[in-house]
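1. Need coordinates for the below:
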Amino acid sequence: MIWNPEAETMPRAELERLQRERLQTLVRYVYERVEPYRRRMQEAGVSPDDVRHLQDLTKLPFMTKQDFRDHYPFGLFAVPREQVVRIHASSGTTGKPTVVGYTRRDLQVWAEVCARCLAASGAQPGDVFQNAYGYGLFTGGLGMHAGAELMGLLVVPASGGNTERQVLLLQDFGTKVLACTPSYALTLAEALLDRGVQPGQLPLRYGVLGAEPWTDAMRRQIEEKLGIAAVNIYGLSEVIGPGVANECVEERNGSHVFEDHFLVEVVDPQTGEPLPYGREGELVFTTLTKEALPVVRYRTGDVASLNPEPCRCGRTFVRMSRVLGRTDDMLVVRGVNVYPSQVEAALVGIPQLSPHYQIVVTREKTLDELEVRIEVDPSFHQEVGGLDPAPPAVQELQRRAEQALYGVLNLHARVTLKAPGSLPRSEGGKLRRVVDQRRL
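-> From the prediction side, this is the model:
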């Protein structure tokens, strides 16, 4: 189902004309209303009159998360505070949250793009939708809630966590569409299996999963354990929240960016130079229709690539790849760039291993040491009779896992096999995969 065919299947030439008009309006709007960005433009020697074509976007300076910190809480707003009808915020590394605001029209746009995401994920009006993203200051819960109501779903506002209650709601309410983080989807899958509920026994058919990086190997685990089609949703607070891009259930091969509202680029993380389609780099977004807090060339820190090829779902929007990692939480171990998603892709495909892992980096002497702790599959654990002392089958599995990691990372890592249930689980939010003890 396509929620808004007129917009989502727009011919590229018409879309680019719309983007150009909206970009010109946006740049002048921000220049006149957002004093910190006006100064940035003046320092770069750029005026709104210099932006006449889409290619002129590269003349404009970037925005980063630091801008939100420097002008906390409302210094980047483009409208008087009295016109802002809602505030959201994400956790900040300095103790201060990253604050974003919405006008009434912004909330309407947000609901529209979230409705598009749900339709692309397989939802139909009248379906029962269980929203297990967190409500409150986090953008996930309320953003998806509004989109679901707009398209006529029956919304179950479960919020994050409380796995016992989530399982009860899934069973008793006949949930067909579930929204949560991928790691929490696995937590729910295990909880259902523990209660003897087999994949496919519930009406549940679709999962709208996001807010953290995940791999196709993890997708296969989720789909097998829950009996659903798992679809990736992408968003971030500074741009709007969830609803920036979404996979279609027909392909599940890259997320369609809603380009009538969000102009997307990929740039070299070091130089900031634009990269062509297909090249991996840092995602940069410009909001074309935001009123309260527009952003221009916002550097997300997310690493991905763009694919302009037509999609059989009929949408004409460019597709972004799955997020491969982040420029700011990328690990550098002995000079090698390591993303958690690489580790996951290497190990989750081994049948005797589970999707639950943790990456630990230490530096006891002069060299970095990389350890990957990963749980074994419960059936394998039962078959070998435990991990301590390690029988030959366990030693062989550890060797295979270390070889698989070396093949992906070109770096030796120690694999520690753990018993089922021994590593931290998601309780609704993002799961901390990396423990970098070099910074402690």
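
2. Tell me how many other residues crowd the residue nearest to residue 258 when sequence neighbours are not counted.
-> Leaving aside its chain neighbours, residue 258 sits nearest to residue 113 (5.1 Å; criterion: C-beta to C-beta, 6 or more residues apart in numbering). Any C-beta I mention is one placed from the backbone N, CA and C, and that applies to glycine too. Residues lying near residue 113 (other C-beta atoms under 10 Å) number 26.

3. cool, residue 151 as well?
-> 22.

4. what's the answer for residue 333, then?
-> Residue 333 has 20 neighbouring residues, counting by other C-beta under 10 Å.

5. again, but for residue 90
-> Neighbours of residue 90 using other C-beta under 10 Å come to 18.

6. Please point out which parts of stretch 369-384 sit buried.
-> 369, 370, 372, 373, 374, 375, 376, 377, 380, 381, 384 (16 or more other C-beta atoms under 10 Å).

7. same deal with stretch 401-417?
-> Result for stretch 401-417 [16+ other C-beta under 10 Å]: buried residues 401, 402, 404, 405, 409, 413, 415, 417.

8. Same check on stretch 432-440?
-> Neighbour-count burial for stretch 432-440 [16+ other C-beta under 10 Å]: residue 433.

9. Quick one: mean pLDDT for that stretch?
-> Summarised as a single mean, pLDDT over stretch 432-440 is 78.

10. Residue 189 is in contact with residue 197, correct?
-> No: Residue 197 is beyond contact range of residue 189, at 9.5 Å (criterion: C-beta atoms under 8 Å).

11. what does stretch 52-69 contact?
-> 16, 19-20, 23-24, 27, 36-37, 40-41, 43-44, 46, 50-51, 76, 92, 94, 96, 98-99, 238, 263, 265, 272, 274, 284, 286, 295-299, 301 (C-beta atoms under 8 Å, 6 or more residues apart in numbering).

12. hmm, back to that, please list the members of the buried residues of stretch 369-384 that lie in strands.
-> 369, 370, 372, 373, 374, 375, 376 (DSSP state E).

13. show me what contacts the second one?
-> Meaning residue 370. 331, 333, 338, 359, 360, 361, 411, 412, 413, 414.

14. Can you check the pLDDT for it?
-> 94.

15. how close does the closest residue to it other than its chain neighbours sit to residue 420?
-> Nearest residue to residue 370 in three dimensions, chain neighbours excluded: residue 413, at 4.2 Å (C-beta to C-beta, 6+ apart). Residue 413 sits 21 Å away from residue 420, going by C-beta to C-beta, to the nearest Å.

16. Which parts of the stretch 201-350 of the chain are strands?
-> Taking DSSP state E, counting those that start in this stretch as the criterion, the stretch 201-350 of the chain carries its strands at 206-210, 229-236, 241-247, 255-257, 262-267, 281-287, 298-304, 306-307, 319-320, 325-326, 331-333, 336-338.
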